[in-house]
Structure formats: C-alpha cells, structure tokens
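Colleague: Structure for this input, please:
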Amino acid sequence: MDLLHLEHFLAVVDEGTFTRAAERLNRTQPAVSQSIRRLEEEVGSPLFARDIHEITLTEAGRVLADYARRLITMRDDALRQVSELRTLKAGRLTVAAHESAAVYLLPAPLRHYLQKFPNIKVGIQRSRLAEIPRLVMDREVDIGFVKDEPAFHELHAVEVHSDEMMLVASPQHPLAQRPAPAVPIRDLGTEQFVLHHQCSATTDRILALFEQHATRCKVVAELWSFENVKSFVREEVGLAIVPGITVRQELADGTLVRVPVRELSMPRRTMMVYRDQGYVSDSASELIKIVRSFNWEQHGGLLTKAVKAVVAPVVAPVAPVAPAKAAAAAKRNGKSAGAGKLH
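Modeller: Take a look at the predicted model:
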C-alpha cells in the first residue's frame, strides 16, 4: 500500500472535498481522485459515499482512515529518529574493554564525547581480552579495546595508548625508603606479592621474569580488580606489579610509591579495534575520531566525575577479604587468601 496514496486519502477525509484536498497537497484534482481509485481497488471496497452535496466515509473508509493515520505517524517518527541518529541527537554506543582501559583510560575521552554528544547513551562492557574481538566482529559492540592486534582481518586495530608495568609499594614499606638505585629482582625473593587473578597473561610474564633470575615470587593473594590490588598494597599486605595507568592518581597523591626494578621492562599498549569493512555507526565513528586524536598525557586518563556513572558498573566485585585483616594474618604467618596458587 502506497503511503502517498494514503496521504491523499487522509487529505480528502480532513478537507471534506477533493478540490480542497488537491489544493492542500498542491496536486491536481484528477491526480488525487486517481490515488483514491487505486486505494479502493486495492482494498476491494469503496472508501467514500459520494452524495450530491458532500462526501462521507464508508465503513471501510473509517477503518482505513484510522490505520492510515497510524502508518503516516509511524513513518514520520521513523524518519525523525533516523535523522536524529545521523545528527547524533540520539543513539547508543557500546564499547567492550579490559579493566584498565574501561576504568582508567576511557573516562577522559568519554567525558569529551558526552560533552559533544550528550544525547548518546554509552554502554561500557568489561570483557575478557580473548572475547573482545569476537564481540566486535559479531556487532555485539561497536568498538573494542584490547592489548594486542586481533587475528580477524576484518577488524582495524590502532594503538591509542602505551604504558609500562611497574612495582608499587606502600609508602611505609622499607623498599619505598631505599635510595635511588633500582632494586634487582633477586632482592625481592623475600617480599610478599598480590596479583590480579584475571590478568593471566601478565601474571605469567611476571612469574617468568622471577624464574629467569632464579628468584621466588611469593604470592600471598590473588584479587579480582586493580582497585582491590591497590587496597591490599596500601595496607602492606604485599607489593604489586601493575600497569602505570592504574596507579597514576595514587602515585601523584603519595598513597603508593613506585619502586624501580632493574630487570623489569614490560611495555604495555592498548589497541582500539573496530570493523574495517561494512557499516560503522555515526556514534561509533565520532568516538573513534576522539580517541585517535586524544592527548593522554595532558588529560591523564583518570576517572572523572563526568563519567563515573557510565564506568562504575564495569568494576569487578572486590574479593571478600578485608585488607587490614589480611595484612595482620600475613604478618603473623606469611600467608593470605589465595596464597600458593601462582608460585
């Protein structure tokens, strides 16, 4: 059923005559009459009772008029919403990222994005690194943030941030008071460490580094988030080797201290991945532009109030071990929750 014919039909209904309907539509009366005849042929019933002085709707005409108004309204609403998507006055953007990118890297550029496009609803999904490329490929998310270039040739990957792993300690820890020269790995054999439970690849690299220098990495706790790891380090449960981006604020505030390690050299990059072929939404294209040109050093990539509501739900639950209790237990017997799993 042609929507143009329905518009002509409704104009006749509203105006009461074919002549006034034609004037309103800026069409000739024969053109409007032809539209009505085609509709009547299509529905198989007359739509108007043509009396001498006026025209009135038949029962079929009344039914069709009701549905015609709904169809025209739906068409207008659809066109309006599509137009809003094109102009980014509405829409949704979904992002999948690993923890350090979701919590510490993305808030700053997302703040700029939302200031520019306040009506776009942004959803951030914290995912395992191995799952993120598939989510982008299957269009379950628009953009992904990973550590390495994915194997899918259909995805475009661009490095957007570089970082390094670093050893951090509580300001009260003896290593924090040590003079400037970097600490050798062999001097860490008696120290206690807390690790991130879900960063298995990074954990393997850390343990391999200790093994290369014939030094034991004494793991006393395996935790579920970097916030949890930092809390345990502040409470002197142990030391931790973490991405620099996750402790930038604490190092600036002095609540954690970086301890230089002579043999520790673990560069770490973040790649933004998105589909290189086919459709990419306008909302995703705009975030891609912002992230690619973002000055991370200037803005720090820290969590900001503007996007806490967007990012906070992706932070993993904190392990149910209280840092203070764990610290006391560690000092008594040298062990803590999760100890011994990653030696």
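Colleague: wait, isn't Val242 in contact with Met166?
Modeller: Yes - the criterion here is C-beta atoms under 8 Å, and Val242 meets it with Met166 at 6.8 Å. (Each C-beta comes from the backbone N, C-alpha and C, glycine too.)
Colleague: In terms of neighbours, single out the busier of these two.
Modeller: Higher neighbour count among Val242 and Met166: Val242, with 24 against 21, using other C-beta atoms under 10 Å.
Colleague: quick one: what helix or strand has the more buried one in it?
Modeller: Following DSSP states H and E, one finds Val242 within strand 240-243.
Colleague: again, but for Asp204
Modeller: Counting by DSSP H and E, the secondary-structure element that holds Asp204 is helix 200-212.
Colleague: So which elements touch that helix?
Modeller: Helix 200-212 makes packing contacts with strand 192-196 when contacts are defined by 3 or more C-beta pairs under 8 Å, 6 or more residues apart in numbering; DSSP states H and E.
Colleague: contacting residues around the strand it packs on?
Modeller: For strand 192-196, the external contacting residues (C-beta atoms under 8 Å, 6 or more residues apart in numbering) are 202-203, 206, 217-226, 229, 232-233, 237-242, 330, 334, 336, 342.
Colleague: If any of those residues are buried, put those into a ChimeraX selection.
Modeller: In ChimeraX, a selection of the buried entries from the contacts of strand 192-196 looks like this (16 or more other C-beta atoms under 10 Å):
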select :202,203,206,217,218,219,220,221,222,223,224,225,226,229,232,233,237,238,239,240,241,242,330,336,342
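Colleague: Next, the buried residues of the biggest strand by length in the chain.
Modeller: Taking DSSP state E as the assignment, the strand of the chain that covers the most residues is strand 155-169. For strand 155-169, the neighbour count (16+ other C-beta under 10 Å) marks 155-157, 160-161, 163, 165-169 as buried.
Colleague: just curious, which of those is nearest to Pro109?
Modeller: Lowest distance from Pro109 to those (C-beta to C-beta) belongs to Val160, with 8.9 Å.
Colleague: coming back round to it: narrow the contacts of strand 192-196 to those in helices?
Modeller: Among these, the subset assigned to helices under DSSP state H consists of 202-203, 206, 226, 229, 232-233, 330.
Colleague: ok, the residues you listed vs Glu99, which is closest?
Modeller: Minimum separation from Glu99 among the ones in helices among the contacts of strand 192-196 (C-beta to C-beta) is found for Phe226, which lies at 6.3 Å.
Colleague: Isn't the closest one up against Ser100?
Modeller: Yes - counting by C-beta under 8 Å, Ser100 is a contact partner of Phe226 at 6.5 Å.
Colleague: what residues are shared contacts of those two?
Modeller: A shared contact of Phe226 and Ser100, defined by C-beta under 8 Å, 6+ apart, is any residue touching both; here these are 243, 246.
Colleague: picking up where we left off before, distance to Thr255 and pLDDT for the ones in helices among the contacts of strand 192-196 - can I get that in a markdown table?
Modeller: Supplementary listing: those in a markdown table, determined by distance: C-beta to C-beta, whole Å; pLDDT from 0 to 100:
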| residue | distance to Thr255 | pLDDT |
| --- | --- | --- |
| Thr202 | 23 | 87 |
| Thr203 | 24 | 89 |
| Ile206 | 22 | 93 |
| Phe226 | 14 | 94 |
| Val229 | 13 | 96 |
| Phe232 | 13 | 97 |
| Val233 | 9 | 97 |
| Ala330 | 19 | 43 |
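Colleague: surely Arg205 meets Met266?
Modeller: Yes - taking contacts as C-beta under 8 Å, Arg205 lies within contact range of Met266: 6.3 Å.
Colleague: ok now the helix holding Asp204, how far from the chain's centre?
Modeller: In this view, helix 200-212 has its centroid 29 Å away from the chain centroid, taken as C-alpha atoms, centre = their mean, to the nearest Å.
Colleague: List the buried residues for that helix?
Modeller: Burial within helix 200-212, assessed by neighbour count using 16+ other C-beta under 10 Å, is assigned to 202-203, 206-207, 209-210.
Colleague: Which parts of the stretch 201-343 of the chain are strands?
Modeller: When secondary structure is read from DSSP state E, counting those that start in this stretch, the stretch 201-343 of the chain shows strands at 218-223, 240-243, 257-259, 267-275.
Colleague: TSV for those strands, including mean pLDDT and distance to Thr56?
Modeller: Supplementary listing: the strands of the stretch 201-343 of the chain in TSV, determined by pLDDT from 0 to 100; distance: least, C-beta to C-beta, whole Å:
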stretch	mean pLDDT	distance to Thr56
strand 218-223	94	77
strand 240-243	96	76
strand 257-259	95	86
strand 267-275	93	56
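Colleague: Kindly state the domain boundaries assigned to the chain.
Modeller: For the chain, whose domains are defined here by automatic domain parsing, the residue ranges read 3-86, 92-161+268-314, 163-267+318-333.
Colleague: Stretch 182-202: end-to-end distance?
Modeller: Terminal residues of stretch 182-202 are spaced 21 Å apart (C-alpha to C-alpha, to the nearest Å).
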